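*Asks:* generate coordinates for the sequence data below:
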Amino acid sequence: MATDAHSDGSSLAFHPMDQFIIKPLFGDGDFSWYTPTNATLWMALGILAVVALLVLPTSRRALVPTRGQSIAELTYGFVYKMVEDVTGKDGIKYFPYIMTLFMFILTANFLGLLPMAFTTTSHIAVTGVLALAVFLTVTVLGFVLNGSKFLGLFWVSSAPLALRPVLAIIELISYFVRPVSHSVRLGGNMMAGHAVIKVFAGFAQVAVISPIAIAGVVAIYGLEIMVAFIQAYVFTILTCVYLKDALHPAH
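*Replies:* Prediction:
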């Protein structure tokens, strides 16, 4: 509960979760689903960042690549190899979708590390939509490509016959939990890291412990840079794993 900074006689008051509040860009008070918000702004900036990183440097490709072209080609090759290694040759045709997911999450994560920025991937409303889109895409694709054979994903034929019905129920539950775990993993990690940074920054106001708090901010910030990439990678590679299940559902 937000209280006045001096209401309890203390000059220290900070609220780590305030940075995740969605606010309208224009005006105050209530807003609707179509109202431009800080989340809308930073998602749009994330899309522009993807264009700046991938499209603009490669618009005039050269035999001797520029620094921007090299970064774009390395990123392209990194994701392409991930898709090929996990899903096989059959999954390459879905590379554009997976590449888009990776780049959007990566840029959103890194933009959230800027001062006064808003981390869109800290909200389950954003990560949930991304995870649900993956879940629905993979499920529909599985039935389109395999028909009823896709249900073989839940029937562990290598297990003893008596255990197969039990394992089928477990597999079915775990399958429908996928979008929840897929979204909460990303959103929870991003929210937790930014909240910890805000806590250390708040303690930096106290003169006695400010050097320790500032060192903590630097350390956690460095960790968050690594987490920003790792979480984008984890979300993407799980998408590849789920896609592999749709392409090759048999256990």
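
*Asks:* can you pull out the helices in this protein?
*Replies:* Remark: helices assigned in the chain by DSSP state H are 38-50, 56-58, 67-87, 95-111, 124-146, 164-203, 210-247.

*Asks:* need the ones you listed in a markdown table with mean neighbour count and mean pLDDT, can you?
*Replies:* (Each C-beta comes from the backbone N, C-alpha and C, glycine too.) Formatted as a markdown table, the helices of the chain follow (neighbours: other Cβ atoms under 10 Å; pLDDT from 0 to 100):
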| stretch | mean neighbour count | mean pLDDT |
| --- | --- | --- |
| helix 38-50 | 17 | 93 |
| helix 56-58 | 16 | 86 |
| helix 67-87 | 16 | 93 |
| helix 95-111 | 21 | 95 |
| helix 124-146 | 17 | 94 |
| helix 164-203 | 17 | 90 |
| helix 210-247 | 17 | 91 |
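
*Asks:* for W33, see how far away L186 is.
*Replies:* 22 Å (Cβ to Cβ, to the nearest Å).

*Asks:* for L247, same thing?
*Replies:* For L247 relative to W33 (Cβ to Cβ), the value is 35 Å.

*Asks:* again, but for I71
*Replies:* Separation of I71 from W33 (Cβ to Cβ): 36 Å.

*Asks:* ok, D85 next?
*Replies:* As defined by Cβ to Cβ, D85 lies at a distance of 39 Å from W33.

*Asks:* what does I124 give?
*Replies:* Going from I124 to W33 by Cβ to Cβ gives 16 Å.

*Asks:* what lies in contact with stretch 127-136?
*Replies:* Stretch 127-136 is contacted by residues 101, 104-105, 121, 178-180, 182-184, 186-187, 235, 239, 242 when judged by Cβ atoms under 8 Å, 6 or more residues apart in numbering.

*Asks:* pull the CA atoms of that stretch into PDB?
*Replies:* Taking Å, rounded to 0.1, in the frame of the first residue of the first chain, the C-alpha atoms of stretch 127-136 are listed here in PDB:
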ATOM      1  CA  THR A 127       4.100 -12.800 -22.600                       C
ATOM      2  CA  GLY A 128       0.800 -14.700 -22.300                       C
ATOM      3  CA  VAL A 129      -0.300 -13.600 -25.700                       C
ATOM      4  CA  LEU A 130       3.000 -14.600 -27.200                       C
ATOM      5  CA  ALA A 131       2.900 -18.000 -25.400                       C
ATOM      6  CA  LEU A 132      -0.800 -18.600 -26.400                       C
ATOM      7  CA  ALA A 133       0.000 -17.800 -30.000                       C
ATOM      8  CA  VAL A 134       2.800 -20.400 -30.000                       C
ATOM      9  CA  PHE A 135       0.500 -22.900 -28.300                       C
ATOM     10  CA  LEU A 136      -2.400 -22.500 -30.700                       C
END
